[in-house]
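Novice: everything below, folded, please.
(3 chains)
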Amino acid sequence: MLNGIPSLETKKLGLWYGHFQALRDISVAVPRNQIMAIIGPSGCGKSSLLRCFNRMNELILGSRVEGEVLFDGANIYAPGVDPSEIRYRIGMVFQKPNPFPKSVYDNVAFGPRVNGFAGNLDEIVERALVRAALWDEVKDQLRKSAMQLSGGQQQRLCIARALALEPEVILMDEPCSALDPVATLKIEDLMRSLVQDYTIVIVTHNMQQAARVSDMTAFLMMAEDRAGVLVEYGPTSQVFTTPKDSRTEDYITGRFG
Amino acid sequence: MARDTSFHRRLMVRRLKGGLAGSLFFLAILSGILVLIVLLADVLIDGIGWLDWQFITSYPSRRPESAGILAALAGTIWIMALTGLFSFPIGVGTAIYLEEYAADSRLRRFIQTNISNLAGVPSIVYGLLGLGLFVQFLAMGRSILAGALTMTLMSLPVVIISAQEAIRSVPEAHHRGAYALGATRWQVVRHIVLPGALPGILTGTILSMSRAIGEAAPLIAISALVYMTFLPVSPLDRFTVLPIQIFDWVSRPQENFQGLAAAGIIVLLVVLLTMNAIAIFLRNHYQKSVEE
Amino acid sequence: MEIRRGFHQKLKEIQDDVLAMSGMVESAIMSSIEALKNRDLDLAHKIVADDIKINQKRFDIEQKCIQIIATQQPMASDLRTIISVLYIITELERIADHAEGIAKIVIMIGDEPPLKPLTTIPLMAEKACDMLHRAVDAFIRHDAETARKICLEDDEVDNLYNQVFRVLLTYMLEDPKTITRATRLSWVAHNLERSADRATNICERVVFTVTGKMEEIASKY
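Specialist: A predicted model of the protein is given here:
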């Protein structure tokens, strides 16, 4: 039924931190079961845009949103919408792996537990870990502290933690920036397999990564007043071979940065 | 070569300066340790002879041979237990509110500044406040309850500040991770912040208790008894505490009472070190359980 | 503010190499016609021998392109430039083969008496070389407009070719003994006509480099 509408869509989205406008007039639509990459120079508002998708920006004092963010066609900023519900349905993975100082099991079970899940937790935990391609590595040490895993394993644990809630969308904020190249490739491979069941939005400062994993690419830049604006949005294959906007061209060929 | 010799000469000078600085710092720490050793030795030499089971289990007496510290020890334990009971939940609650709930408003900063200032107020001032507020205005009399509440007032700022430090040491990334999984603010506090901050909170609380344990001034101000020959059985009973008992003995002219005072100091030190040991044990225990 | 100076310097070097290779190819074509006119067998043998150098140059450039793709991950217009270089050097190498083909015909002709004084064929060679030269130049300057115009000039070469072919046909009809010699000359003309076609292919690559679109620029027939 939802097949016709994009999974996520912003309409004239603006974001303010106090008197500073961080994003202006962003309109993008993320198609279902695709990966959208957000690229752009540092400080252009990539992560801010990502946080608008699950209302995480509200944790920053003085932030304010204008315009709309539609999730399955419904505005997530409409009055009466609880951010917890949004975050329950839209998972997030952060820049640095941030497992809780708990066991592997408790990390994955955290989401279902706080959201009052009453069924078989073991099953959920196993399924999430399998889906995140971590099960084989940790199945004999579920009670071990998550802090003892390697960086790449920790990040996959964080992905499993998000998957345990069976979200519809996964947001990833530079998920590989703290990882070595092999761990990075593993995560990228995982993303390509996850996208069959989920919609993924990834912020990355690594253009090659965006080119490798994403289906759609949004290029953001800072305007004169330092607000982030959308310069170009289109299929990744087009943006990286024949960008329409000369600013995109200059950025991805390294003629400015 | 010329350049080399001048470099080596300067290197010598640099090394010399570094060595000099190092020895100065060592001297600084040495002076502190020396004073401590002398103090401890002095107390031990004077008091160890008086320290026996009879000393622990007897009430004070005019005759030094039969005098003991039982009432003061019991009073100290009462006061500490109640102070801990009051200051831990209030202090931790305040810290959680300030760190996790309060908006970054002018009011919050005002409260914060005041808490910091209160931590520096002389303890006698708290004693006078306790005398006016609890003993007289709230008519609690010169009871354990009034004493414990006074001590609570005194130790709260330190408990709050150390709990705030502990809460702040829980990485922001863990907060965000929990929020992103749909946790509510209370769930984040309950499942992420408190477990992470507990070792620090416990350490801070116990250390502020152990500081309060040695305080005589506020309790003298609310007139704890000095000469007590019964054990307090309820929070409304009158009481005395170790520092006051020691203070009393020290101020007597007879030589033997000086020995008693030294023995009392040893008991106080043992209680204090025990509490610090508990603090360290708890911190290590919880840190391990968190990291493994 | 240019931030990938080293990379873009390398990219420029590759384009300079293309320019140098194109120079070698042009001179091969012109020399082959020179050898034909003057019956200069030594020159013809030299052209055949030099073709190896042109092939080598092509492999060198190709190697550089592969290296820059593997190490620098070029994007957008940079990527298109490099991909175009790979196509263009292939075309250049084939044009050089046409020159070699002409040289071999010169060797075959040996000291046979000339059929007629050469007039149109040198014109064709000049035109083809001129188109090639300007096509590569347009590539270096990323000038799609010029490239499109050059494509249209291919008609001129085609016309010259038809002219040569008709003249040679008349000779053959009049005197069957001329058939061998006339056929050889028509091969020469054919080589030149193909060279001009390849110059237009290069122009299409120029347009792609600039716009990112694959265009068949029709002027044909």
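Novice: when you work out contacts or count neighbours from here on, use the C-alpha atoms and nothing else.
Specialist: Will do.
Novice: in the stretch 51-200 of chain A, which spans are helices?
Specialist: A:83-89, A:104-114, A:121-131, A:135-138, A:151-163, A:181-194 (DSSP state H, counting those that start in this stretch).
Novice: which residues sit against the second one?
Specialist: Contact with helix A:104-114 is made by A:88, A:99-100, A:121, A:124-125, A:128-129, A:138, A:141-146, A:157-158, A:160-162, A:164-165, B:178, B:181-183, B:187, as judged by C-alpha atoms under 8 Å, 6 or more residues apart in numbering or on different chains.
Novice: which of the residues you listed are buried, as a PyMOL select command?
Specialist: To isolate the buried subset of the contacts of helix A:104-114 in PyMOL, counting by 16 or more other C-alpha atoms under 10 Å in any protein chain shown, use the following:
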select buried, (chain A and resi 88+99+100+121+124+125+128+129+138+142+144+145+146+157+158+160+161+162+164+165) or (chain B and resi 178+181+182+183+187)
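Novice: count the neighbours of residue C:66 for me.
Specialist: 14 (other C-alpha atoms under 10 Å in any protein chain shown).
Novice: so where is the chain shaky, pLDDT-wise?
Specialist: Using chain A. A:1-3, A:257 (pLDDT under 70).
Novice: sorry, should have said chain C
Specialist: C:1, C:218-221.
Novice: point me to the residue of it nearest chain A.
Specialist: residue C:76 (4.0 Å; C-alpha to the nearest C-alpha).
Novice: next up, the contacts around that residue.
Specialist: A:239, A:240, A:241, A:242, A:243, A:249, A:252, A:253.
Novice: nearest residue to it in space, please, no chain neighbours.
Specialist: residue A:241 (4.0 Å; C-alpha to C-alpha, 6 or more residues apart in numbering or on different chains).
Novice: chain center to the helix or strand hosting residue C:56: distance?
Specialist: According to DSSP states H and E, residue C:56 maps onto helix C:41-72. Here helix C:41-72 is found 14 Å from its chain centre; the criterion is C-alpha atoms, centre = their mean, to the nearest Å.
Novice: show me what it is packed against.
Specialist: helix C:5-38, helix C:76-109 (3 or more C-alpha pairs under 8 Å, 6 or more residues apart in numbering or on different chains; DSSP states H and E).
Novice: avg pLDDT for stretch B:213-230?
Specialist: In this model, stretch B:213-230 has a mean pLDDT of 76.
Novice: likewise stretch B:135-154?
Specialist: If you average the pLDDT values across stretch B:135-154, you get 86.
Novice: measure residue C:205 to chain B for me?
Specialist: When distance is defined by C-alpha to the nearest C-alpha, to the nearest Å, residue C:205 is 50 Å away from chain B.
Novice: show me the contacts for the nearest residue to that residue once chain neighbours are set aside.
Specialist: Once flanking residues are discounted, residue C:205 sits nearest to residue C:84: 5.8 Å by C-alpha to C-alpha, 6+ apart. Going by C-alpha under 8 Å, 6+ apart, residue C:84 touches C:205, C:206, C:208, C:209.
Novice: just the helices in the stretch 151-292 of chain B please.
Specialist: Counting by DSSP H, counting those that start in this stretch, the helices of the stretch 151-292 of chain B are B:172-180, B:185-188, B:194-213, B:217-221, B:242-250, B:255-291.
Novice: next, format the ones you listed as a markdown table and append distance to residue C:214.
Specialist: Output for the helices of the stretch 151-292 of chain B, formatted as a markdown table (distance: least, C-alpha to C-alpha, whole Å):
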| stretch | distance to residue C:214 |
| --- | --- |
| helix B:172-180 | 46 |
| helix B:185-188 | 56 |
| helix B:194-213 | 60 |
| helix B:217-221 | 90 |
| helix B:242-250 | 93 |
| helix B:255-291 | 59 |
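Novice: any low-confidence regions in the stretch 51-200 of chain B?
Specialist: Ranges of the stretch 51-200 of chain B meeting pLDDT under 70: none found.
Novice: can you tell me which residues in it are near chain A?
Specialist: The stretch 51-200 of chain B comes close to chain A at residues B:103, B:173-174, B:176-184, B:187, B:192, B:196, as judged by C-alpha under 8 Å from any C-alpha of the partner chain.
Novice: ok, so of those residues, who is nearest residue B:59?
Specialist: residue B:196 (44.3 Å; C-alpha to C-alpha).
Novice: I'd guessed the closest one sits against residue B:170; true?
Specialist: Yes - the criterion here is C-alpha atoms under 8 Å, and residue B:196 meets it with residue B:170 at 5.8 Å.
Novice: what about stretch C:65-81, start to end distance?
Specialist: 10 Å (C-alpha to C-alpha, to the nearest Å).
Novice: give me the residue from the stretch 1-150 of chain A nearest chain C.
Specialist: For the stretch 1-150 of chain A, C-alpha to the nearest C-alpha, closest residue to chain C: residue A:41, 12.7 Å.
Novice: got it, and chain B?
Specialist: residue B:173 (32.8 Å).
Novice: list the contacts of that residue.
Specialist: residue A:98 are the contacts of residue B:173 under C-alpha under 8 Å, 6+ apart.
Novice: from residue C:47, how far off is the closest residue to residue C:99 other than its chain neighbours?
Specialist: Spatially, and ignoring its direct neighbours in sequence, residue C:99 is nearest to residue C:29 (4.8 Å; C-alpha to C-alpha, 6+ apart). Noted for residue C:29: a distance of 9 Å to residue C:47, by C-alpha to C-alpha.
Novice: which neighbours do those two share?
Specialist: With C-alpha under 8 Å, 6+ apart as the test, residue C:29 and residue C:47 both reach residue C:99.
Novice: before we move on, back to that, so which of the helices and strands packed on helix C:41-72 is the most surrounded?
Specialist: helix C:76-109 (a mean of 22; mean count of other C-alpha atoms under 10 Å in any protein chain shown).
Novice: residue 77: what's it in contact with?
Specialist: As the question left the chain open, I've gone with chain A. A:55, A:68, A:69.
Novice: not what I meant, chain C
Specialist: A:241, A:242, A:249, A:253, C:209, C:210, C:212.
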